[in-house]
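Novice: Dropping the sequence and predicted coords here.
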There are 2 protein chains.
Amino acid sequence: MTPKKILIVEDEPAMVRLLRDNFVFEGYEVVVATDGETALHLAFEERPHLILLDIMLPKLDGLSVCRRLRERHLDTPILMLTARNLEQDKVTGLRMGADDYLTKPFSVAELLARTEAVLRRTGQTRIETYRFGDMVVNFSSFEATKAGQPIDLSPREYEILRYLIEHRGQVISRTEMLDRIWGYDSQALTRTVDSHIANLRQKIEDVPAQPAYIQTVHRIGYKFTG
Amino acid sequence: MTPKKILIVEDEPAMVRLLRDNFVFEGYEVVVATDGETALHLAFEERPHLILLDIMLPKLDGLSVCRRLRERHLDTPILMLTARNLEQDKVTGLRMGADDYLTKPFSVAELLARTEAVLRRTGQTRIETYRFGDMVVNFSSFEATKAGQPIDLSPREYEILRYLIEHRGQVISRTEMLDRIWGYDSQALTRTVDSHIANLRQKIEDVPAQPAYIQTVHRIGYKFTG
DNA sequence: ATCCACCGTCAAGAGGTTGTCAAGAAACTG
DNA sequence: CAGTTTCTTGACAACCTCTTGACGGTGGAT
């Protein structure tokens, strides 16, 4: 299981330290933003599995960040942090699209329990929709568009693209893809993978001959960047 | 809001007391069964809104209870309790039709949060009537019309159409339909699903050969769009 | 600089998947 | 129990995807 990535959005340094230390200790990968605008940016850049979002923030408050993320169809689960025990904030937060909320002060144990609960509840093991460049790919409806135009991907192409995206940044070997996507007893040749990659590039790259998203790493495999 | 009724299936007296006290305190109505057979009986008699089901039970274990309930098409949401942190139990439980699971020991706060989450998630999924194109389908009276004219759907066709509509937008595999609609121990072939889909299309599509509502996704399954 | 393994491209055959139609089995209904 | 409806299965044809091969170009190691 690859480690879960958490984006912490919080401006108080002491609180950031507390949160980061605990999540790192629990084996999570942690990214931090100290204001709302950076949070928005990192949410799309880093694609965390969960966002821990304080309501009181410089530049852009937590509720607005939440709303903006949902408007742009980023469905990463959000756990809200609020210093006030105001019912109003809870209601607003949930209306804006948060998955759960936590009132300060909270115990670390409860924070971790809620985090896990949200991750489990939202089934954050598989990516449902993903955007890169002018592409939108929905892996549950098996629909994809490029610059707004629907494009047609085959089942294998969806599987390969999903696998590459879920491991974005890492180089994936052909045999790993055969093992993971085709299955361990597959008899297919590694050239089969190349063939599918070529077809994918024809469909999703702006200039298939100079791929921007699916890159070749000579003698190793392919890697997705986006 | 009428109080929600919860069936607690658990044989350890101390655990029963803990669970009952907490749920009563939260305003739930509580019914208790201490063995699997009683649980089955009470699930049908009392029609609770949610079943809290321990896996380790006298007479009939929790997984079997779960399976039996689903076989008899009782779709009350089930939250499983397991003392073991075995991934296998989780997988089996979810396959048997549980909605969520919780590993002992768990915090009361987490239990309550999960309970609410399951109730919320499942509470809004039963669709009563649905309209698309010139069709109106009423799933509680089992009546359907196309362009005002009554049309005749079989029970299986209603179930399939409902399942597809409740998951509209996502592609549903044939085996998922067999599991969810026929039941986990179904011996039916996936071609049976195709056959029903074909019949449905004859009845609800304007041009059955070019379906607008029930679409095929090659090698994956079917999806409803409307 | 050269050579060889590696990769991109294209196309065609193989193999699996689905639509259609119909008949037999099973489950209701009166 | 007979009649009717519904469900399931099978055969066949059409279709789509996947896989593989050949060929030429590229990149990197020596």
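Specialist: Noted; the coordinates are in hand.
Novice: Around DNA strand D, pick out the residues from chain A.
Specialist: Contact residues, chain A versus DNA strand D (CB under 7 Å from any atom of the strand): A:152, A:154-157, A:182, A:186-189, A:191-192, A:195-196, A:218-219. (Each C-beta comes from the backbone N, C-alpha and C, glycine too.)
Novice: ok, residue A:168 touching residue A:214?
Specialist: No: between residue A:168 and residue A:214 there is no contact under CB atoms under 8 Å: 10.4 Å.
Novice: what do those two both touch?
Specialist: Residues touching both residue A:168 and residue A:214 by CB atoms under 8 Å, 6 or more residues apart in numbering or on different chains: A:223, A:224.
Novice: higher neighbour count, the two?
Specialist: Set side by side, residue A:168 and residue A:214 show more neighbours around residue A:214, with 21 against 16, by other CB atoms under 10 Å in any protein chain shown.
Novice: Now flag whichever of the residues of chain A next to DNA strand D is closest to chain B.
Specialist: residue A:155 (4.5 Å; CB to the nearest CB).
Novice: Which residue, neighbours along the chain excluded, lies closest to the closest one?
Specialist: Leaving out its chain neighbours, the residue that sits closest to residue A:155 by CB to CB, 6 or more residues apart in numbering or on different chains is residue B:219, at 4.5 Å.
Novice: Could I get the contacting residues of residue A:217?
Specialist: Counting by CB under 8 Å, 6+ apart, residue A:217 makes contact with A:171, A:223.
Novice: Specify the beta-bridge partners of it.
Specialist: residue A:221 (DSSP bridges).
Novice: One more: residue A:100?
Specialist: Bridge pairing for residue A:100 (DSSP bridges) gives the partners residue A:79.
Novice: Pull the distance from stretch A:26-37 to the chain's centre.
Specialist: Stretch A:26-37 has its C-alpha centroid displaced from the chain centroid by 13 Å (CA atoms, centre = their mean, to the nearest Å).
Novice: So what touches it?
Specialist: When contacts are defined by CB under 8 Å, 6+ apart, stretch A:26-37 is touched by residues A:3-11, A:16, A:19-20, A:23-24, A:39, A:41-42, A:46, A:48, A:57-62, A:64-65, A:112.
Novice: now do stretch A:47-54
Specialist: Residues contacting stretch A:47-54 (CB under 8 Å, 6+ apart): A:4-11, A:15, A:19, A:31, A:39, A:42-43, A:62, A:65-66, A:69, A:76-82, A:98, A:115, A:118-119, A:124, A:168.
Novice: out of these, which are buried?
Specialist: Buried residues within those, counting neighbours by 16 or more other CB atoms under 10 Å in any protein chain shown: A:4-10, A:19, A:31, A:39, A:42-43, A:62, A:65-66, A:69, A:76-82, A:98, A:115, A:118-119, A:124, A:168.
Novice: Where do the strands of chain A begin and end?
Specialist: Per DSSP state E, chain A carries strands over the ranges A:5-9, A:29-33, A:50-54, A:78-82, A:100-103, A:129-132, A:135-138, A:143-146, A:149-151, A:171-172, A:214-217, A:221-224.
Novice: For the ones you listed, state which one has the densest average packing.
Specialist: Ranked by mean neighbour count, these are led by strand A:50-54 with a mean of 26 (mean count of other CB atoms under 10 Å in any protein chain shown).
Novice: pull the CA atoms of that strand into CSV?
Specialist: The C-alpha coordinates for strand A:50-54 follow below in CSV (Å, rounded to 0.1, in the frame of the first residue of the first chain):
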residue,chain,number,x,y,z
LEU,A,50,-7.2,14.0,2.2
ILE,A,51,-7.2,17.7,3.0
LEU,A,52,-7.2,18.9,6.6
LEU,A,53,-8.6,22.4,6.4
ASP,A,54,-8.6,25.1,9.1
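Novice: Pull up the distance across stretch A:165-183, start to finish.
Specialist: Using CA to CA, to the nearest Å, the end-to-end distance of stretch A:165-183 comes to 19 Å.
Novice: that older thread, will you turn the strands of chain A into JSON lines that also has distance to DNA strand C and mean pLDDT?
Specialist: Compiled in JSON lines, these are given as follows (distance: least, CB to the nearest atom of the strand, whole Å; pLDDT from 0 to 100):
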{"stretch": "strand A:5-9", "distance to DNA strand C": "28", "mean pLDDT": "92"}
{"stretch": "strand A:29-33", "distance to DNA strand C": "29", "mean pLDDT": "89"}
{"stretch": "strand A:50-54", "distance to DNA strand C": "35", "mean pLDDT": "91"}
{"stretch": "strand A:78-82", "distance to DNA strand C": "36", "mean pLDDT": "84"}
{"stretch": "strand A:100-103", "distance to DNA strand C": "38", "mean pLDDT": "72"}
{"stretch": "strand A:129-132", "distance to DNA strand C": "18", "mean pLDDT": "84"}
{"stretch": "strand A:135-138", "distance to DNA strand C": "17", "mean pLDDT": "90"}
{"stretch": "strand A:143-146", "distance to DNA strand C": "16", "mean pLDDT": "93"}
{"stretch": "strand A:149-151", "distance to DNA strand C": "16", "mean pLDDT": "92"}
{"stretch": "strand A:171-172", "distance to DNA strand C": "10", "mean pLDDT": "92"}
{"stretch": "strand A:214-217", "distance to DNA strand C": "4", "mean pLDDT": "94"}
{"stretch": "strand A:221-224", "distance to DNA strand C": "7", "mean pLDDT": "94"}
